[in-house]
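[1] whatever this is, show me its structure:
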Amino acid sequence: MSRPVRILAFGDNVVDCYRDQNLMFPGGNCVNHAVFARRAGAVTAYIGAVCNDDAGRLIRQALIEEEVDISSLRIEQGQTAYCVIETQDGDRMFVGSNLGVSIIAPSRADLARLSDFDAVHTGRSSHVDAWLPRFAESTKVSYDLATVHTPKRIDQVAPHCFLLAFSAGGATYKEALALAQRGRMAGAQWSLVTRGIEGALLVGEEGICEAPAKRVDAVDTLGAGDTYIANVLVGLLAGRRPETILMEAAEAAAKTCMMSGAFGHATPMRVDLSNMMSLEEIYRTTRPARAPEEA
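    Sure, this is the predicted structure:
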């Protein structure tokens, strides 16, 4: 590809709140993806919703500084989404969250922009599964299922995907390979499984490609998986060899592990946590963005 890859990230955002450090960082799967894909050389845009509060202003400013197009970012009334995190030995644990105004359906203007990009990235945290057929009509779809490995959900999502990604830290090689192949058989053109310190698998029409992780003394692993997915998507769209793509993705993910927060931009924490919910409550009670027939 003679021009830079162009990727639009649509959906979730949060500020990641580190209570023990009294710091907050911009984040969320789609925000992270837009930033890491930009750092990998792509031209990127992010569409989502924040508020004009301290958290929303942090996300907006960080994206501007990272040279991500935010011309379609919505400013809503309410509270910007947040996630409370605690760290232990460099690894992160999610304590609770509130999705605030972050769950949105694409507007007609948003849908019209899709064809200007080589791919759109979204995922389970964005709750826009009903819109995937519309997305796939206009461009390639990258989707992060994260730790959701159920056959029913894979079968629903995979047929629309150019790249389908899973997180499977702790899985055996056999389990990871079976998961990647399940994604492929269900319809994804490429199926990626990241396994933390055990590396990653990428399955596509050329077969199986695997690569080890680059081992580092991690400061914070938040965002490493998003880094990996973003670099793989950029590499695939650019037509690079899978072996090269995975090697570069591992290098980039290792760099992410050496900084606090997903991609930096720390600021003192100024978030009302009184309405925090457990992650179980979040996924049980959150309504998906309106389906196309409801729009």
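
[2] quick one, phi/psi of A171?
    A171 adopts backbone torsions of phi -80, psi 150, taken as degrees, to the nearest 10.

[3] burial count for it?
    By the criterion of other Cβ atoms under 10 Å, A171 has 20 neighbours. All C-beta spots, glycine's among them, are computed from the backbone N, C-alpha and C.

[4] that one contacts R195, doesn't it?
    Yes: taking Cβ atoms under 8 Å as the definition, A171 is a contact partner of R195 at 6.0 Å.

[5] helix or strand right after the helix or strand hosting V193?
    In this structure, V193 is located in strand 190-194 according to DSSP states H and E. Proceeding N to C from strand 190-194, the next assigned helix or strand is strand 200-204, under DSSP H and E.

[6] strand partners (parallel or antiparallel) of that next one?
    Strand pairing for strand 200-204, determined by DSSP bridges: strand 190-194 (antiparallel), strand 207-211 (antiparallel).

[7] CA atoms only for stretch 159-173, dumped as CSV, please.
    The C-alpha coordinates for stretch 159-173 follow below in CSV (Å, rounded to 0.1, in the frame of the first residue of the first chain):
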residue,chain,number,x,y,z
PRO,A,159,-18.7,-13.6,9.8
HIS,A,160,-18.3,-9.8,9.7
CYS,A,161,-14.7,-9.7,10.6
PHE,A,162,-11.5,-9.1,8.7
LEU,A,163,-9.6,-9.5,12.1
LEU,A,164,-11.1,-11.1,15.1
ALA,A,165,-9.0,-10.9,18.3
PHE,A,166,-9.1,-12.8,21.6
SER,A,167,-7.3,-12.5,24.9
ALA,A,168,-6.3,-15.9,26.4
GLY,A,169,-3.7,-15.4,29.0
GLY,A,170,-3.1,-18.7,30.8
ALA,A,171,-4.4,-20.8,28.0
THR,A,172,-2.4,-23.7,26.7
TYR,A,173,-1.0,-23.6,23.2
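
[8] that stretch: which residues count as buried?
    The neighbour-count check on stretch 159-173 (16 or more other Cβ atoms under 10 Å) flags H160, C161, F162, L163, L164, A165, F166, S167, A168, A171 as buried.

[9] if the closest residue to the third one other than its chain neighbours is in a bridge, with which residues?
    When you say that, I think you mean F162. In space, and not counting its chain neighbours, F162 is closest to K140: 3.6 Å by Cβ to Cβ, 6 or more residues apart in numbering. Residues in a beta bridge with K140, per DSSP bridges, are A119.

[10] pull out the buried residues from the lowest-mean-pLDDT helix or strand in the chain.
    The helix or strand of the chain with the lowest confidence, counting by mean pLDDT, DSSP states H and E, is helix 279-285 at a mean of 80. Buried residues in helix 279-285, counted by 16+ other Cβ under 10 Å: I282.

[11] off-centre distance for that helix?
    Centre-to-centre, helix 279-285 and its host chain are 19 Å apart (Cα atoms, centre = their mean, to the nearest Å).

[12] give me the contacts around it.
    With contacts defined as Cβ atoms under 8 Å, 6 or more residues apart in numbering, helix 279-285 is touched by F94, G96, S97, N98, L99, M277.

[13] next up, phi/psi of the fourth one, please.
    I take that to be N98. Backbone torsions of N98, given as degrees, to the nearest 10, read phi -150, psi 130.

[14] once you drop chain neighbours, what's closest to it?
    Distance criterion Cβ to Cβ, 6+ apart; nearest residue to N98, sequence neighbours excluded, is N275 at 5.2 Å.

[15] is it fair to say T221 lies in a helix?
    No: counting by DSSP: H, G, I helix; E, B strand; the rest coil, T221 is not part of a helix but coil.

[16] quick check: it touching A254?
    No: in this structure, T221 is not within contact of A254 by Cβ under 8 Å, at 10.3 Å.

[17] which one's more surrounded, those two?
    Using other Cβ under 10 Å as the criterion, T221 and A254 rank with T221 on top: 20 against 17.

[18] before we move on, the earlier item: can I get the strands paired with strand 200-204 in CSV with mean neighbour count, mean pLDDT and distance to P4?
    CSV is the format used below for the strands paired with strand 200-204 (neighbours: other Cβ atoms under 10 Å; pLDDT from 0 to 100; distance: least, Cβ to Cβ, whole Å):
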stretch, mean neighbour count, mean pLDDT, distance to P4
strand 190-194, 28, 98, 20
strand 207-211, 15, 95, 24
